[in-house]
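>>> After the sequence you'll find the predicted model.
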Amino acid sequence: MTTPARSLNGGNTAERVDSIFGADIFSRSTMRQRLPKEVYRSLLRTIDHGEPLDPAAADVVAASMKDWAIENGASHYTHWFQPLTGLTAEKHDSLAGPDGSGGVVFNFSGSELVQGEPDASSFPSGGLRATFEARGYTAWDATSPAFLMRGENNVTLCIPTAFVSWTGEALDTKIPLLRSVEALSSQALRILRIFGTDEGVSRIITTVGPEQEYFLVDRELYYRRPDLLTCERTLFGAKPPKGQQLEDHYFGTIPPRVLAFMSESERELYRLGVPVKTRHNEVAPGQYEIAPLFEASHIASDHQMLLMETLKRVAPRFGLQALLHEKPFAGVNGSGKHNNWSMSTDTGVNLLDPQDDTHTNMQFLVFLVATIRAVDIHADLLRASIASAANDHRLGANEAPPAIISIFLGKMLSDILEQVERGLPKRTIRGGVLDLGAKTLPMLPRHSGDRNRTSPFAFTGNKFEFRAVGSSASIAWPNTVLNTIVAESLEYMAEQLERAVGSRRSPARLQAGVIAVLKKVIKQHKRVIFDGDNYSEEWHAEARDRGLPNLKDSVEAFGVLRARKNVDLFRKYGVLTKAEHDSRTHIMVEKYIKQLAIEAETMVSIARGQVLPAALRHQQRMAEAVAATQAAGVDCDDTVDALRSFVELVTRVRYATAAVEQASAHPEADPMKHATQISRQLKPAMAELRIAVDTAETLVAADLWPLPTYRDLLFLK
């Protein structure tokens, strides 16, 4: 990862993309060329400094944007937004209309740019909108660049927007995210004022660089797997002889078809202004990763949604299917989305950059310790922010951190915090250099601390890496939670520092006050710091002794969201009203229930419609072989025993199928009770059915087995 870009809307990146790839974004360079100077400057004040949008500029911007889009082949425009489905949404309107004389005229007004009106009752609202209450609005987000989406025979102007109910309640992921940034910004500025480093700074933003893991499978095989087609994960599948045991896929040579897909995807993403940087093979066979540069968190969230859509859209051109599910295959690593998060001033200063003499950088230590405090106090909420039916399959396995939220700091920072506890820190541990023992090889600068891939929340140089976010999830909600809890902690730190330092802030008084506050907070919250192996049983026992929460599945985590302290937290900082908060909790629970219900029904359908018929045909073959052998007068007791065992297995599959169906048949009326019922009854029944079917797969003749196997899916590239 690189350091955060200074521009809030990816302007620097966009301008480079413009010149190299002919970008399909309404970038700063495009605006500078097309807009009158005063309109351009007014728009930049909104983009860079958060000033209210000037309504008078909207018509001028709309006309310019329309001309640019039409020149590039666009015929329609859409307000592109992110409802609470976890996906994106769009309604296309033509840029052309009748001119009254038998021809057409192209019109796009400022009011059409600024506001749209989609149906608000057909999206998940968690009770905010009833079926008969349909009015909702989309509002132009000027800070996120408009872009052109190209299809086979169409071009559409896409305008990033927020989505709100007629009542003013947020119906999307963007509005709470933007609110959370504002909340953090106001508290972070208080810290800067205490240190006297706020000159020229008008606001603080959070920056994110989300790494995206995904699988690729052959598209023809994908269509022969009803579970992948419907659920995007394999509900059945025996482990192949070779999985990831040899660790030969990670960073290995990228297969030619996959590399061609990656290159095409990157080209499209560059054109859309998404600053992708890194590509490589991941640990599991058939698994890959793509990673971008840092951007402002709401821009990164928009771009992350575009990235996922682009992977899905481009893969079929190469006969592939991209799978973004957290655990498409059992027995090999699942996929996550490492959320690299930091705080930055609008002048480009990264507030989580420790710099060389970290022990003297008191401002950094305040922001660091504030984040530690936030994660400790709100570990349960942070865990709940990444809860989903899909992520339950991944958390705690060997490719993902456990559900216990802890922080890794590394040797250098841990040592400095220990010094602070004792008094004034005196030293910063240096990493030194590595001599590789060969004169032709360079001396390598070594970091002052190692990395910890088992930690859910790890400090990695100048940012925190929240590793537990699921690969199919929007990053907007986890970052909304992260921003909000840090805002609360920064407010606490600001109050403590203002009290300790007072109005006369001499350097000595400032240093003494800061050390006193840091010492107190470190002592209270250091329990969340752990630099060891988060997978070990010893850590789980130690975490319990430390009093850290361990919400092992989503149903436990959903209960946390309902806690009064969390409702009050979001309301206090203006991020979510109680109604908005309750709606999101309801939607998460409802989605969990529906996903598991769909998976259960799909399992029953595959077991009854494909697996059992194949198993019975195999059973018939075995019975015919036994009969023919016995008729020939040859002893075949072993074969008879094998037949008897197989018949028992088929019966087990049949009973397990019925058990899954039965566990789905009588849902509880209360959503949380229903989710609990699914977690405690349906999921174990589904696991039993999978074990039986996977056992059958290893025994049924290959020409009879109806589903492409893991060997085919993982290794055919």
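Nice, thanks for sending it over. Residues are numbered from 1 along each chain as shown.
>>> For stretch 358-372, buried residues please.
Within stretch 358-372, the residues that count as buried by 16 or more other C-beta atoms under 10 Å are 358-359, 361-372. Backbone N, C-alpha and C define where each C-beta goes, glycine included.
>>> what do you get for stretch 40-51?
Buried-residue list, stretch 40-51, by 16+ other C-beta under 10 Å: 40, 42-44, 46-48, 50.
>>> would you list the residues you listed in a markdown table and tack on pLDDT, secondary structure and distance to Asp119?
Listed next are those as a markdown table, based on pLDDT from 0 to 100; DSSP: H, G, I helix; E, B strand; the rest coil; distance: C-beta to C-beta, whole Å:
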| residue | pLDDT | secondary structure | distance to Asp119 |
| --- | --- | --- | --- |
| Tyr40 | 93 | helix | 35 |
| Ser42 | 91 | helix | 33 |
| Leu43 | 92 | helix | 30 |
| Leu44 | 91 | helix | 34 |
| Thr46 | 88 | helix | 28 |
| Ile47 | 88 | helix | 30 |
| Asp48 | 85 | helix | 34 |
| Gly50 | 79 | coil | 30 |
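>>> Closest to Ser301 out of those residues?
Comparing these against Ser301 with C-beta to C-beta places Ile47 closest, at 16.2 Å.
>>> you'd agree the closest one is up against Ser144?
No. With contact defined as C-beta atoms under 8 Å, Ile47 does not count as touching Ser144 (9.1 Å).
>>> List the contacts of the spatially closest residue to Val164 that is not a sequence neighbour.
The spatially closest residue to Val164, leaving aside those adjacent along the chain, is Tyr137, at 5.4 Å (C-beta to C-beta, 6 or more residues apart in numbering). By C-beta atoms under 8 Å, 6 or more residues apart in numbering, the contact set of Tyr137 is 115-117, 163-166.
>>> check which helix or strand covers Tyr137.
strand 136-140 (DSSP states H and E).
>>> Now do that strand, average pLDDT.
In this model, strand 136-140 has a mean pLDDT of 92.
>>> what does stretch 618-634 give?
Here the average pLDDT along stretch 618-634 is 95.
>>> From the rest of the structure, what touches that stretch?
Residues from elsewhere that reach stretch 618-634, judged by C-beta under 8 Å, 6+ apart: 636, 639-640, 642-643, 646-647, 650, 699-701, 704.
>>> from the residues you listed, which ones fall inside strands?
Residues from those lying in strands, with DSSP state E as the criterion: none.
>>> Buried ones among those residues?
Of those, these count as buried by 16+ other C-beta under 10 Å: 636, 639, 643, 646, 650, 699-700.
>>> where along the stretch 501-650 of the chain do the helices fall?
Taking DSSP state H, counting those that start in this stretch, the helices of the stretch 501-650 of the chain run over residues 507-525, 537-546, 554-561, 564-572, 578-606, 612-631, 637-665.
>>> pLDDT weak spots in the chain?
1-22, 99, 104, 396-400, 448-449 (pLDDT under 70).
>>> if we can go back for a sec, tell me the most buried of the helices of the stretch 501-650 of the chain?
helix 554-561 (a mean of 22; mean count of other C-beta atoms under 10 Å).
>>> Keeping just the C-alphas, turn the strand holding Tyr137 into PDB.
Only the C-alpha atoms of strand 136-140 are listed here, as PDB (Å, rounded to 0.1, in the frame of the first residue of the first chain):
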ATOM      1  CA  GLY A 136     -37.400   8.700  -1.900                       C
ATOM      2  CA  TYR A 137     -34.600  10.900  -3.300                       C
ATOM      3  CA  THR A 138     -31.100  10.600  -4.600                       C
ATOM      4  CA  ALA A 139     -28.800  13.500  -4.000                       C
ATOM      5  CA  TRP A 140     -25.700  14.300  -6.100                       C
END
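>>> Can you pull the phi/psi pair for Thr345?
phi -80, psi 160 (degrees, to the nearest 10).
>>> Contact partners for the closest residue to it other than its chain neighbours?
Leaving aside its sequence neighbours, Thr345 sits nearest to Val201 (C-beta to C-beta, 6+ apart; 4.6 Å). Each residue near Val201 by C-beta under 8 Å, 6+ apart is listed here: 189, 192, 345-347, 349.
>>> Mark which of those residues are buried, thanks.
189, 192, 345-346, 349.
>>> all strands of the stretch 51-200 of the chain, in order?
With strands called from DSSP state E, counting those that start in this stretch, the stretch 51-200 of the chain shows them at 76-80, 92-94, 96-98, 104-106, 115-116, 136-140, 147-150, 155-165.
>>> Among those strands, which comes closest to Thr310?
Short answer: strand 147-150, nearest of the strands of the stretch 51-200 of the chain by C-beta to C-beta, at 9.7 Å.
>>> Which strands or helices does that closest one pack on?
strand 155-165 (3 or more C-beta pairs under 8 Å, 6 or more residues apart in numbering; DSSP states H and E).
>>> between the strand it packs on and helix 578-606, how many degrees?
Relative orientation of strand 155-165 versus helix 578-606 (axes from the mean of the first three to the mean of the last three C-alpha atoms, to 10 degrees): 120 degrees.
>>> Could I get the CA-only coordinates of strand 155-165 as CSV?
Extracted in CSV, the C-alpha atoms of strand 155-165 (Å, rounded to 0.1, in the frame of the first residue of the first chain):
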residue,chain,number,x,y,z
VAL,A,155,-22.8,4.2,-22.7
THR,A,156,-24.4,5.5,-19.6
LEU,A,157,-23.4,8.6,-17.5
CYS,A,158,-23.3,7.5,-13.9
ILE,A,159,-23.7,10.1,-11.2
PRO,A,160,-22.7,9.0,-7.7
THR,A,161,-25.5,9.9,-5.3
ALA,A,162,-26.8,9.4,-1.8
PHE,A,163,-30.2,7.8,-1.2
VAL,A,164,-32.7,9.2,1.3
SER,A,165,-36.3,8.7,2.3
